[in-house]
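S.K.: Next input, structure requested:
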Amino acid sequence: QVQLVESGGGLVQPGGSLRLSCAASGFAFSRYPMSWYRQAPGKERELVATIFSGGTIISYGDSVKGRFTISRENAKNTVYLQMNSLKPEDTGVYYCYVRYGVRDYWGQGTQVTVSS
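M.R.: Next up, the predicted model:
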C-alpha cells in the first residue's frame, strides 16, 4: 500500500522560509521520481518541483526557480522541499506525488500560508 505523508506546513510571513517533508512507504522509494505540487484556492494544481531517483536530475516550475530546493534522502524514504523567500502567491496546499505502476498517488497535503 503506497502512502505519502506530508508535514511541515504552516503560517509564515513574506520573505520567510519553510521546509516540507514527505515520508513515503509501500514502494521502492529510491527507484522513483518524486514531485511536489501545490494548489491555491480557486486554481488548478501545479507542478512545483521534481527530483529523479538518483537526485541528480531536478526540475522546477518557473514561479519557484531560485527560491525552492527539492531534495531526497533515500535511506529515510523522504523527499523535502525547502522554500525560501516566500511570497503571498506561494500560499496553497502542497502535495507530494509519485506515479507507481499505472497509478498516481498523492499525499493528503499540507497547508502553507504566506501572510503578514
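
S.K.: which helices and strands does the one helix or strand in the chain whose mean pLDDT sits lowest pack with?
M.R.: The weakest-scoring helix or strand in the chain, judged by mean pLDDT, DSSP states H and E, is strand 58-60 (a mean of 88). Counting contacts by 3 or more C-beta pairs under 8 Å, 6 or more residues apart in numbering; DSSP states H and E, strand 58-60 packs against strand 46-51, strand 68-73. From N, CA and C alone the C-beta is placed, and that goes for glycine too.

S.K.: Go through those and name the closest to residue 94.
M.R.: Using C-beta to C-beta as the measure, strand 46-51 is the one of the helices and strands packed on strand 58-60 that comes nearest residue 94, at 7.2 Å.

S.K.: Summarise which helices and strands that closest one is packed against.
M.R.: strand 34-39, strand 58-60, strand 68-73, strand 78-83.

S.K.: Is it possible to get JSON lines of the ones you listed that adds distance to residue 23 and mean neighbour count?
M.R.: As requested, the helices and strands packed on strand 46-51 are exported to JSON lines (distance: least, C-beta to C-beta, whole Å; neighbours: other C-beta atoms under 10 Å):
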{"stretch": "strand 34-39", "distance to residue 23": "11", "mean neighbour count": "22"}
{"stretch": "strand 58-60", "distance to residue 23": "20", "mean neighbour count": "15"}
{"stretch": "strand 68-73", "distance to residue 23": "10", "mean neighbour count": "18"}
{"stretch": "strand 78-83", "distance to residue 23": "5", "mean neighbour count": "22"}
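
S.K.: in the sheet, who's paired with the residue positioned nearest the centre of the chain?
M.R.: With distances taken as C-alpha atoms, centre = their mean, the chain has residue 36 as the residue nearest its mean C-alpha position (2.9 Å). With DSSP bridges as the criterion, residue 36 is bridged to residue 49, residue 96.
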